[in-house]
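using only what follows, build the 3D model:
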Amino acid sequence: MSIRRGFIRCVFAAAAVAALSGMLSHAQTLGEPEEFTAIAIKNNNLGSGAGTVLIKVTRWSTEAERSRLLQALKTKGQDKLLDELQGMKSVGTIRTPDSLAYDLRYAHQQPGEDGGSQIVLATDRPIGFWEATNRPRTIQYPFTVIQMQMGRDGTGKGTLSYATKIVARKNVIELEDFATQPIMLTDIRSKKADR
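Numbers count the residues shown, from 1 in each chain. This is a model prediction of the structure:
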């Protein structure tokens with residue numbers, strides 16, 4: 001992942017770059033429900049610390065859902081993307097051990113180079129009453145995006161971008177983080193979820 005002028009270049013929908021340029025690479029692998037446990041390490045200008053993050057994917061997004069989100073972003077921008085994402089059925093949850101779960105709205109995986117998988121999860125982030133009323137600059141960063149690289153052994157690493165803008169620039173989906181650095185996810189472990 002390279003940082004260019006404050007933007008973190010990423011694949012929002014795993015095959016988003018290919019889809020936007022009119023070429024199709026790998027199709028999404030629809031899989032079984034899965035649970036992930038990760039250690040989140042935050043070390044940026046907002047402070048530092050570490051904690052456990054629990055993620056449960058109950059279903060993987062369909063190609064139709066992915067296409068709908070990409071089309072909304074390409075034609076009408078971030079605000080329409082947010083509307084579409086908020087209208088989607090939950091694909092799972094994210095939480096810490098001592099918090100309530102928050103719905104995830106998008107889950108995509110594709111095969112990785114080493115027999116593992118590349119996973120992208122996204123949702124709208126919680127906006128509190130104070131933020132909604134006073135509308136500080138953070139209100140322009142309404143997404144949470146999680147990217148994970150999982151090995152075939154069920155372990156991996158990744159990033160969690162909590163307050164993020166999503167924009168399309170020259171057929172590349174980019175994230176701009178309000179906090180300038182994503183939260184690092186280490187020691188990710190996966191297991192098939194109980195139904």
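
so what's the closest residue in space to P97 that isn't next to it in sequence up against?
The shortest distance from P97 to any non-neighbouring residue, by CB to CB, 6 or more residues apart in numbering, is to T52 (5.6 Å). (Each C-beta comes from the backbone N, C-alpha and C, glycine too.) T52 makes contacts with T37, A38, I39, A40, T96, P97, as judged by CB atoms under 8 Å, 6 or more residues apart in numbering.

and T52, what's its pLDDT?
Predicted confidence (pLDDT) for T52: 92.

relative to M184, how far out is it?
According to CB to CB, to the nearest Å, T52 stands 13 Å off from M184.

can you list residues touching both of the two?
Between them, T52 and M184 share these contacting residues under CB under 8 Å, 6+ apart: A40.

strand partners (parallel or antiparallel) of the lengthiest strand in the chain?
If you go by DSSP state E, the chain has its longest strand at strand 155-169. Here strand 155-169 is paired, per DSSP bridges, with strand 143-150 (antiparallel), strand 172-177 (antiparallel), strand 183-192 (antiparallel).

so which of the ones you listed is the most surrounded?
Highest mean neighbour count among those (mean count of other CB atoms under 10 Å): strand 143-150, with a mean of 22.

CA-only coordinates of that one in CSV, if you can.
What follows is strand 143-150, C-alpha atoms only, in CSV (Å, rounded to 0.1, in the frame of the first residue of the first chain):
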residue,chain,number,x,y,z
PHE,A,143,-16.9,5.2,6.0
THR,A,144,-15.1,2.4,7.8
VAL,A,145,-13.1,0.2,5.5
ILE,A,146,-11.2,-2.9,6.6
GLN,A,147,-8.7,-4.7,4.4
MET,A,148,-7.3,-8.0,5.3
GLN,A,149,-4.7,-10.3,3.7
MET,A,150,-5.3,-13.8,5.0
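
quick one: contacts of it?
By CB under 8 Å, 6+ apart, the surrounding residues in contact with strand 143-150 are 10-12, 36, 38, 55, 82, 85, 94, 112, 116-125, 156-166, 175, 185, 188, 190.

same thing with stretch 75-95?
Identification of contacts with stretch 75-95 by CB under 8 Å, 6+ apart yields 33, 53-61, 65, 68-69, 72-73, 101-107, 121-124, 142-144, 146, 165-167.
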